[in-house]
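1. Pasting a predicted model and its sequence here:
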Number of protein chains: 4
Amino acid sequence: MKIKAGIIGATGYAGAELVRILLSHPQAEIAAISSVSFEGKPLSEVYPSYRTLCDMECGTQEEVVEKSDVIFAALPHGLSQELASQCAAAGKRFIDLGADFRLESEQEYQEWYGCTFLDQELHKKAVYGLPELFRDKIRGKELVANPGCYTTGAPLALAPAVKNGLVSTKGIIIDSKSGVTGAGRKPSQGNHYPELNEGFHAYKVACHRHTPEIEQTLTSLAGEPVTITFVPHLLPVNRGIISTCYARMLEGVTFEQVRKAYEAFYKDEYFIRLLPEGANADIHHIKYSNFCDISLHYDARTHTLIAISAIDNMVKGAAGQAIQNMNILFGLDETTGLKLVPPAF
Amino acid sequence: MKIKAGIIGATGYAGAELVRILLSHPQAEIAAISSVSFEGKPLSEVYPSYRTLCDMECGTQEEVVEKSDVIFAALPHGLSQELASQCAAAGKRFIDLGADFRLESEQEYQEWYGCTFLDQELHKKAVYGLPELFRDKIRGKELVANPGCYTTGAPLALAPAVKNGLVSTKGIIIDSKSGVTGAGRKPSQGNHYPELNEGFHAYKVACHRHTPEIEQTLTSLAGEPVTITFVPHLLPVNRGIISTCYARMLEGVTFEQVRKAYEAFYKDEYFIRLLPEGANADIHHIKYSNFCDISLHYDARTHTLIAISAIDNMVKGAAGQAIQNMNILFGLDETTGLKLVPPAF
Amino acid sequence: MKIKAGIIGATGYAGAELVRILLSHPQAEIAAISSVSFEGKPLSEVYPSYRTLCDMECGTQEEVVEKSDVIFAALPHGLSQELASQCAAAGKRFIDLGADFRLESEQEYQEWYGCTFLDQELHKKAVYGLPELFRDKIRGKELVANPGCYTTGAPLALAPAVKNGLVSTKGIIIDSKSGVTGAGRKPSQGNHYPELNEGFHAYKVACHRHTPEIEQTLTSLAGEPVTITFVPHLLPVNRGIISTCYARMLEGVTFEQVRKAYEAFYKDEYFIRLLPEGANADIHHIKYSNFCDISLHYDARTHTLIAISAIDNMVKGAAGQAIQNMNILFGLDETTGLKLVPPAF
Amino acid sequence: MKIKAGIIGATGYAGAELVRILLSHPQAEIAAISSVSFEGKPLSEVYPSYRTLCDMECGTQEEVVEKSDVIFAALPHGLSQELASQCAAAGKRFIDLGADFRLESEQEYQEWYGCTFLDQELHKKAVYGLPELFRDKIRGKELVANPGCYTTGAPLALAPAVKNGLVSTKGIIIDSKSGVTGAGRKPSQGNHYPELNEGFHAYKVACHRHTPEIEQTLTSLAGEPVTITFVPHLLPVNRGIISTCYARMLEGVTFEQVRKAYEAFYKDEYFIRLLPEGANADIHHIKYSNFCDISLHYDARTHTLIAISAIDNMVKGAAGQAIQNMNILFGLDETTGLKLVPPAF
C-alpha cells in the first residue's frame, strides 16, 4: 500500500514541486492538498502544466492532516508550529519545509525570525533533515525540519573539510547565487520579468536568515563555533544555486588530502557527485534533479580551498530533499522516486 | 526482459534526449550508443548532466546495430538509408529521427533535400510515425520515419478541422516559433548566446524543408492536395514550439462544431491536451514532457479558425515520439516511460 | 532656447523611456514629471539606472502642464481626454501615448474600450502620429495621438503594398510577437520571472484592442475597408516586436514589383531600414533605437507576400515615436535626438 | 576638427562597442576600421544593427594606422606590441584594449601569458589606463594599456579602502560574475545558447589571467604587496560584471569611516556612483553606460567589508574606458561622448 502524502501550501513553488516529484513516486501517492489562496480550485488551474496529471482540488489544512500518513508543509515561517502539534497529536509524520524547526537555539530563532518556540518538547523531537550529514538522527523520527536551499548546498560543499579539521573555522566566506524560484511565486517588482532579466545583484548582504542555520550545521560538524560571512545573489534563471565557498586550509594540509577526504566522505552518497579535477559545478547539470554536484579547487598562492556546490534549489534545496526524508522515515530506499535525470539542456 | 535500445548519434541533442527518457523507461534499456565525433568517450563527458547515470562509452554504429533490438538514428539527412538497410537485413527494428524516410514522394525528397531513394522497397516499408494520426499503420512495422518537430505540432493543431472538412484547404498559414535546441548542438554565430539572447527573427521564410512534410500529412487527412504557407521563427528559449495555425472556416461551419470535432478526435489521446476556452497553449506548460497542448480560437470578424499547438520540440517533436513509436512496435502501452510530468516552472 | 518637455506618468515604462531619450535630446529638456504612485519621490529612486542623471522629483499633473511647452502623457486609456482639454486651454501641445485619441470612430472606441468621446471638437483636432504615413497631417497640429506598439510595426510592414494596391485587402493576417515591457511595469503572475522565462504563448487572440487601430490605418491607405486577423504573442525578452504579416498578392503582381514599391515608398525615411533579400528582420538589431527594420519575403507556391517588421516597442512603438512627433510639431529635424545607435549585442 | 579614430579588430565585440560609442561622440569620428576575418566586408554586414549607421568596409591594419590620429586595438594578446611600435614610429597615439602592456613586470607577463616584452622602452612609455586611479599619469602619454573588464570593476570597488589602509591586505577575496560577451564573439560549445541559458558556473578558478593585473593595481594603491584570491563566474546575460569583494577591516576601523573614505575618494568622479546604504549594485542599472556603481556592506559579525561593484564589461570594462582615455590624451572633458544613459529596462 502506498504512503498517503499530503501537501499544505500546495500552490506555492515548493508545494508544486512536491506534486511534480510525488506524481512519479512508485510508493507514495498524493492524498490531499491545501492552499489558502486557491481553496476549492483544482491545482491544474493554478499550474496548467499539471492538467490531466493533478486536477485535484485544493482543500483545507484539516482535510490534508486527516487524509495523510505524512504531511509536507510549505508555509511561511511561524505557521508550522501549531500544525506540527496537530500532526503529532494525530500520530502523523510531519515534514516542515519552512524555518520553524530548523534552529535548535530559540534565541537565534527569536533574533533572526522574531518568533518564539511554542512547544519546547516538540522542538526537542524535531530533527534537522540533511540526510547526507545527519542520516542516523533522522531515522525513526516523526518531525523533520527540512533545510532551506542555501543551507543545503553550502554545508554540503564544506562538510568534509570542516568535519576533518582541514580548514580554519575562522574566516569562511560563502558567496551564493540563486535562481529566482527561491523567492517564491508571489509577483513583486524585483521579480518582474523586465527588471530581473539581464540583471544580477546581491541582496540581504551579510544578513540573510540562512546564516545561523549554516553556522549551526558547520558548528555541529566542526565541534567548535563557526561564524561565516554569507552573501546571496539573485540569478536570472529559474532554478539552481551555486555556492562558492572559501576556506583557508590549515598549515601543512595539502589539496590532495582534502580531495581524498571528500572522496571518502561522500563515497556512498547517491545524490552527491564529486566532480573530477578541471570540472566546474554548474547548475545546468543538476536542474530538475536531486543531485548536489561539488567541484574542488585550490588557490596555491593563498593556500585557500574553494569548494563549489550546485543544487536545484527546488529539489535538493526543498521538495526533493523533503521526499528523501520521507523515504527515510518510512524505511524506503532513500532514492525511491528521486532518480530524476537532470536534462542535458 | 527489457527491450535493448541502441542510439546512433547519441551526442546530438535528439540522441541525448533519447538517453534521458530511456533511462527511466521501465521496459527498455540502453544497450549501446554511438557517436562519430566522440567515439571512445563516455557520454557523461559530453553531457555532465548524465554523470553516474550514463557513463557508457560511445562506440561505433556497427556495435549499436549488433547489440540492439531497436535502433534509433539521430543523423543528418542522407545518412539513414544505408543504415536502415543494414538494420532490415539484421532483422532489427529501426526508428529514424532524420528526414530520409518521411516523404513518400521521391520527387519531393529530391526537390527539398537533393537526395534520391536508394532502395525503393525499403521506402515502401517505411511508415510515418505520427501515432495520433496514423497509429494503425505503425503497428507491426519494422521501419518508422519519426516526424520532425514542426511537422508534429502543426498537423496536430489542424488535423480534426482538416479531416472533418471544416476549413478550407486553401490559404492555410502556419506561423511557428521554435526553441533553439531545434538547431542542434553545433555552435554557430546565430546561436551564440549574446546574439540570440534578447533577439527574435524568422528564418527560412516559406522555404523550410518541413513544408512538404506538413503538406503530405494534411493532404492525407483532407483527401485532396493541401498547400500551406509556413514560416518558422527562432525563440530565445531552449525548448518548445508554438505553431499558430490560421485556416478559413467553411461557410456555415460554427466554432462550436469545430470544438466538438476536436474533442471527439482527441478524446482518447493521452498526449493531447485540448485546452478549455480562454486558455492559450504555452510552451511553459509542456516542456520536458510528451504532451501536445492545443488551444482553439475563433476570429468571428473574418470567420477564421486559429488553432495553436505547443509541444516540446525535443520530446513530442523528436525523442519522446520516437519512444512512443517504439512502444507501439513492441506492443507496449503507448505511454510506457512517457508519463513525464512537465515541471510547473 | 530648449523645448520644455513634461511627462505625465513618468514612472511607467513609456514614461521612463521618454526620460531616457529626452536626457540626450539636444533641443529639449525635461521640465517636470509626474506620477500618481510615486509623487514626491525622485525618479532615480524608482529607476536606479537614472541616478545622478535624473534625480528630479515626481510632482503633480498640474505642475507638469504648467511648466511645459509640450506634455507627453503615458496614462491608461480614459485618463487623457480631460488632460488634453486642459492642455488645449493652456495653449500647450499635447502628445498622448495612450489610446484615447487614436480611433477616429467613436463607435469603435466604445466597442473596444468602453468609453465615449468627451469633447468631439478636440477629437477632430487630434491627429494620428505615425509620421512615415501621415507626416503632412501632423505638422502644425497641437494634439497628437501617438500610435500603439503593434499599430506602428504592422502597418509599416504592409503600407507600401496596401497603398499601391498590390495585395488583396481581404484575408490579411498579422502574427505579432512582443517583448514583455509592452505589458507595463506592474508585476503580475503572468510576468513573474519564473513563469514567463522559457515560456511563450499567444494572448488576446483575435480580440486585442490594437485590431481596429491597425485596420483604421490600412483602410486609410487602401481607400477601402480592410479587416484583419491579428494575433499577438508574448516573447520572453524585454523589448521588441516582430510582426509577421501575410497578404495575398493580386494576380499578375510580381514580387519584384512589390520590392520596388517598398523601396520607393521608404526611400527618404531615416527610421525605416528595408533589408536586402535574404536578411530577416530581427529585434536584436533595432533594440534601444527608433528604427523599423522590414524584410520582404515571397511564397511563390501560394503567391503570398510575407512582410516582417521589427521595432523596439518602447522606442518606435512608444517614446521614440512620440519624440519624433514632438520634433515635427516644433519644426525640428525629425531625427533630432533620435539617432540612437542600436547596440550590436 | 574632429579626432580621427581608427579601430583594429573592429568586428570583435570590443571593436563593435567602440563603433557604437564613437558614432555618437561629438568630437571624434571613425576614420578607418580593420578586421582580419572580414576584410573587404562592410561592418554592417557583420553587425546588422549598424546598417545605414556604419557601412564602412573593413580594411587592413596599415590603412587604419595611416588614416587615424588615435588607434584603438582590440586584439588577442601578443599581437599589439609590434603594432604599438608602428604607431609610435608614425607618431600616432595608441590605446590597446588587449593585455600586452598592462603588466609592468615582464616576469608576470611571461608567467601568465607566455610572452616576452619585445621593446622594453615602449613598455616603459606605456601607462595603465584606469583614469579614476591613475589619471595624472595618463595625461600627455602616447600609449595607453586599457584595463581588462574584471581588472576595472574589482579595483574600483576596493581602492578607497586599500589606499587608506582601512582593510587588511591579506586574505582579500574577489568573487566576480560576468556576462557572456566577455568571452568574445567566437562561437564555442560553452557559449552555445542552449548550454549556457539557465546555467551558471565558475571558470578558471584561482587561475584567471586578470589576477596579477588586479594585484598590480591594489599593490600600487596599498604600497605593499597584495595577493588576492580571484574566482570568476559566467552569467547568462549579455553584459555586465558584478564583483563581490571581501576584505577584513583592520581592528578599530569603523564602517562609518570606510563609507566616508569612499565618499571622499570618489566625490568628483562622474562615472562612479556610490550607492546609498541599503541599495545593491546591479548590472541592470549600468548596462550600456560607462558607470561603475558601488555598494558598500558591512558584516559586523566578522568585521568584514563587502564592497560590490557593477560595470558594463564592454563599456567601462572595455570600449567606454578606452574612449575615456582618448578624451584624456586629447585634452577633452573626460565625459565627452560618454554620457550614455543606462536604460531603465
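-> Happy to help now that I have it.
2. which SS class is A:L158?
-> Taken by DSSP: H, G, I helix; E, B strand; the rest coil, the conformation at A:L158 corresponds to helix.
3. Can you get me a residue count around it?
-> By other CB atoms under 10 Å in any protein chain shown, 28 other residues sit near A:L158. For the C-beta atoms, the positions are set from N, CA and C on the backbone; glycine is no exception.
4. How about it: what's its closest non-neighbour residue?
-> Spatial nearest neighbour of A:L158, excluding adjacent residues (CB to CB, 6 or more residues apart in numbering or on different chains): A:C245 at 5.2 Å.
5. Show residues contacting stretch A:161-174.
-> Stretch A:161-174 is touched from outside by A:150, A:154, A:158, A:160, A:214, A:218, A:221-222, A:224-231, A:243-250, A:253, A:257-258, A:261-262, A:265, A:305, A:307, D:171, D:173, D:246, D:248, D:302, D:304, with contacts defined as CB atoms under 8 Å, 6 or more residues apart in numbering or on different chains.
6. Of the residues you listed, keep whichever come out buried.
-> Restricting the contacts of stretch A:161-174 to buried positions leaves A:150, A:154, A:158, A:160, A:214, A:218, A:221-222, A:226-231, A:243-249, A:253, A:258, A:261-262, A:265, A:305, A:307, D:171, D:173, D:246, D:248, D:302, D:304, with burial counted as 16 or more other CB atoms under 10 Å in any protein chain shown.
7. circling back: pretty sure the residue nearest to A:L158 sits in a strand.
-> Yes: the assignment for A:C245 by three-state DSSP puts it in a strand.
8. For it, give me its contacts.
-> A:C245 sits next to A:154, A:157-158, A:172-175, A:305-309 when contact means CB under 8 Å, 6+ apart.
9. got the residue ranges for the strands in chain A?
-> Applying DSSP state E to chain A gives strands spanning A:3-8, A:28-34, A:58-59, A:70-73, A:93-96, A:127-128, A:143-145, A:172-178, A:201-202, A:228-234, A:241-248, A:272-274, A:292-299, A:304-311.
10. Per-residue pLDDT of the residue nearest to A:L158, please?
-> Note on A:C245: pLDDT of 99.
11. same deal with A:P76?
-> A:P76 is given a pLDDT of 89.
12. ok, for it, nearest residue in space, not its chain neighbours?
-> Among residues not flanking A:P76 along the chain, A:G98 sits closest, at 6.7 Å (CB to CB, 6+ apart).
13. tell me which parts of the stretch 151-300 of chain A are close to chain C?
-> Contact residues (CB under 8 Å from any CB of the partner chain) of the stretch 151-300 of chain A with chain C: A:179-181, A:185-189, A:191-194, A:196-198, A:236-238.
14. what sits opposite A:I173 in the beta ladder?
-> Legend: beta-bridge partners of A:I173 under DSSP bridges are A:T229, A:Y246.
15. Please tell me how far A:F38 sits from A:E111.
-> Counting by CB to CB, to the nearest Å, the separation of A:F38 from A:E111 is 34 Å.
16. Equivalent analysis for A:I33, please.
-> For A:I33, the distance to A:E111 equals 34 Å [CB to CB].
17. Looking at the two, which one has more neighbours?
-> Neighbour totals were compared for A:I33 and A:E111, and A:I33 leads with 30 against 12 (other CB under 10 Å).
18. which residue sits closest to A:T169 in space, ignoring its chain neighbours?
-> Distances taken as CB to CB, 6+ apart place A:V226 nearest to A:T169, at 4.7 Å, with adjacent residues excluded.
19. isn't the one you found right up against A:S220?
-> No: using CB atoms under 8 Å, A:V226 is not in contact with A:S220; the gap is 9.1 Å.
20. mean confidence score for stretch A:299-309?
-> 98.
21. who's in contact with it?
-> Contacts of stretch A:299-309 (CB under 8 Å, 6+ apart): A:153-154, A:156-158, A:161, A:166-167, A:241-249, A:251, A:255, A:258, A:280-281, A:292-298, D:171, D:173, D:202, D:205-206, D:227-229, D:231.
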